[in-house]
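K.L.:
fold the following, please.
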Amino acid sequence: MAKIAVMGAGSWGTTFAKVLVDAGNEVVLWARKADVAEEINTTRRNGDYLPGINLPAGLTATSDEAEALEGAEQVYLAIPSQTLRANLEAWGKHIAPTAILVSLMKGVEQGTSLRMSEVIAEVTGFAAEQIVVVSGPNLAGEIALEHPTASVAACVSQETAQIIAASATNSYFTTFTNKDVIGTEFGGILKNLIAVAIGIVNGVGYGQNTKASIMTRGLAEISRFAKEFGAKQKTMVGLAGLGDLIATSESPLSRNFKAGEMLGKGYSKREVLKRLSQTAEGLTSIGPVLQLAAQRGVAMPIVEQVQAVIEGKMSPRDIAPALTHEADTPEAE
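P.N.:
Predicted coordinates for the structure are as follows:
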């Protein structure tokens, strides 16, 4: 049994804390708001972020980061990607130098275009063998209801990945391992952008053919990008790539899909952000991803058009027709 800290009590952080407790670990969940921590401890509920779900009695919550991190052998990070650097700088002195740091986040840092594992390494100075990325078709609401699913723990050290997989496997959640950190991480990041696109066309009112076309071409687009940065093709068609894309691209539980849907219905980016209770990482990752794509000369027509819709430069109704006429390499590349 490992002593674990989960930093972030949003829907995903709370759900993953439940997964870890149900796997037999001692888990402390850090919540930014003291009232959220108190509610979890007293009622076994997190009504703000995971309504209707009973949390296991073995889960302890706190709003004190030092208390959460004390003695933690594994530290799972489930906070908005754009706050990671500042939070790690504040928390660093409380993290044991031998701890394994696990990213549950799916974003790219604005300004640096760094993946979350790269931010973790840069801020903490931890070796790559201590940093793990977990990703897959993981809609928090379904997992909290204990619907069976699977995920991937990726690390350059197979031994470290296996430690995390063992800690995060129970009767309804299975964690596999691989060594493709880049592919696993980019799969989680990039599928959010395609999910926003599919949400847009759904909000406009286009049907299944349009959405299937964008999903298929989107997979080819994000695979080309990820491979350019060193990802393995098999990762992009596995749980962390295709699996996550399918789960996220048309589920009402997906914040990125919902954000896109609102954009498709005519809401502005500002209005979308105001109405979402939690961060849709796809909206904040588009700029940094397109910067990386431009550096390597990777064409990303779908993502570029999503950005144009977000910025009000393209009508949501025009995104799908434009893609059907896009001169691009076939997805079977």
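K.L.:
how deep is residue 285 tucked in, by neighbour count?
P.N.:
Residues lying near residue 285 (other CB atoms under 10 Å) number 25. All C-beta atoms are positioned from the backbone trio N, CA, C, and that covers glycine.
K.L.:
list the contacts for the nearest residue to it once chain neighbours are set aside?
P.N.:
In space, and not counting its chain neighbours, residue 285 is closest to residue 108: 4.6 Å by CB to CB, 6 or more residues apart in numbering. Shown in contact with residue 108 (CB atoms under 8 Å, 6 or more residues apart in numbering): 81, 114-116, 189, 285, 288-289, 292.
K.L.:
quick one: residue 108 from residue 31, how far?
P.N.:
Computed as CB to CB, to the nearest Å, the residue 108 to residue 31 distance reads 25 Å.
K.L.:
cool, and residue 106?
P.N.:
Counting by CB to CB, the gap from residue 106 to residue 31 is 20 Å.
K.L.:
also residue 237?
P.N.:
Distance from residue 237 to residue 31, counting by CB to CB: 36 Å.
K.L.:
those two - which one has more neighbours?
P.N.:
residue 31 (27 against 15).
K.L.:
max-length helix in the chain?
P.N.:
helix 181-204 (DSSP state H).
K.L.:
how long is stretch 74-85 from one end to the other?
P.N.:
Distance between the two ends of stretch 74-85: 18 Å, counting by CA to CA, to the nearest Å.
K.L.:
tell me which residues touch residue 320, please.
P.N.:
Residue 320 neighbours (CB under 8 Å, 6+ apart): 201, 204, 206, 210, 213-214.
K.L.:
run the last query once more with 6 Å
P.N.:
For residue 320, the contacting residues are 201, 206, 210, by CB atoms under 6 Å, 6 or more residues apart in numbering.
K.L.:
same check, this time on residue 249
P.N.:
Applying CB under 6 Å, 6+ apart to residue 249 gives the contacts 195, 198, 215.
K.L.:
nearest to residue 164 among those?
P.N.:
residue 195 (25.3 Å; CB to CB).
K.L.:
any idea which element residue 153 lies in?
P.N.:
Here residue 153 sits within strand 149-154, counting by DSSP states H and E.
K.L.:
mean confidence for that strand?
P.N.:
Computed over strand 149-154, the mean pLDDT rounds to 97.
K.L.:
give me the low-pLDDT residue ranges for the protein?
P.N.:
Along the chain, the parts satisfying pLDDT under 70 run over 277, 322-333.
K.L.:
mind listing which of the contacts of residue 108 are in helices?
P.N.:
Among those, the members found in helices (DSSP H) are 116, 189, 285, 288-289, 292.
K.L.:
redo those residues as CSV? Include distance to residue 264.
P.N.:
As requested, these are exported to CSV (distance: CB to CB, whole Å):
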residue, distance to residue 264
116, 28
189, 22
285, 19
288, 23
289, 20
292, 26
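K.L.:
may I see the PyMOL selection of the buried members of the residues you listed?
P.N.:
Entered in PyMOL, the line below selects the buried ones among the ones in helices among the contacts of residue 108, by 16 or more other CB atoms under 10 Å:
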select buried, resi 116+189+285+288+289+292
